[in-house]
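A.B. asks: Based on what follows, work out the 3D shape:
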Amino acid sequence: MDGAKSNINKVTVEIYDQEYVVKGNENADYIEMLANYVDRRMKMIGQRNHSLSTTKIAVLTALNLADELNKLQEDYDELVKVLEEEKRNRMVKE
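C.D. replies: Below is the predicted model:
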């Protein structure tokens, strides 16, 4: 049997009043933390947009999270670039 298969956790979480069974390699606490974060974000969007369906709230939440991720990735890439420039500058000075 495959050793990686035994590391899979199965966690039941609640997101926007619906239960989901999530399987993943991460520990249960981490999976629950992610689910709670998504639940909070969906509830925030749902409170501001009462007429939206759950599906539309989920899509808007996904877009908001994708935007956050993209901005964080851009910030990370910029920081890596700055660090690499600093490293090159130090090597030239030595």
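A.B. asks: Tell me which stretches of the protein form helices.
C.D. replies: 28-48, 54-93 (DSSP state H).
A.B. asks: Which one of those helices lies nearest to Y16?
C.D. replies: helix 28-48 (4.5 Å; CB to CB). Where C-beta positions appear, they are placed from N, C-alpha and C, glycine not excepted.
A.B. asks: hmm, who's touching the closest one?
C.D. replies: Outside helix 28-48, the residues that touch it by CB atoms under 8 Å, 6 or more residues apart in numbering are 9, 11, 13-16, 20, 22, 24, 52, 57-58, 60-61, 64-65.
A.B. asks: and the two most separated of those?
C.D. replies: Top of the distance list for those (CB to CB): N9 and L52, 31.9 Å.
A.B. asks: which of the helices of the chain is buried the deepest?
C.D. replies: helix 28-48 (a mean of 15; mean count of other CB atoms under 10 Å).
A.B. asks: Report the angle between that helix and helix 54-93.
C.D. replies: 120 degrees (axes from the mean of the first three to the mean of the last three CA atoms, to 10 degrees).
A.B. asks: picking that back up, I'd like the helices of the chain as a markdown table, with mean pLDDT appended.
C.D. replies: Below are these laid out as a markdown table (pLDDT from 0 to 100):
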| stretch | mean pLDDT |
| --- | --- |
| helix 28-48 | 97 |
| helix 54-93 | 95 |
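A.B. asks: No further queries at this time; thank you.
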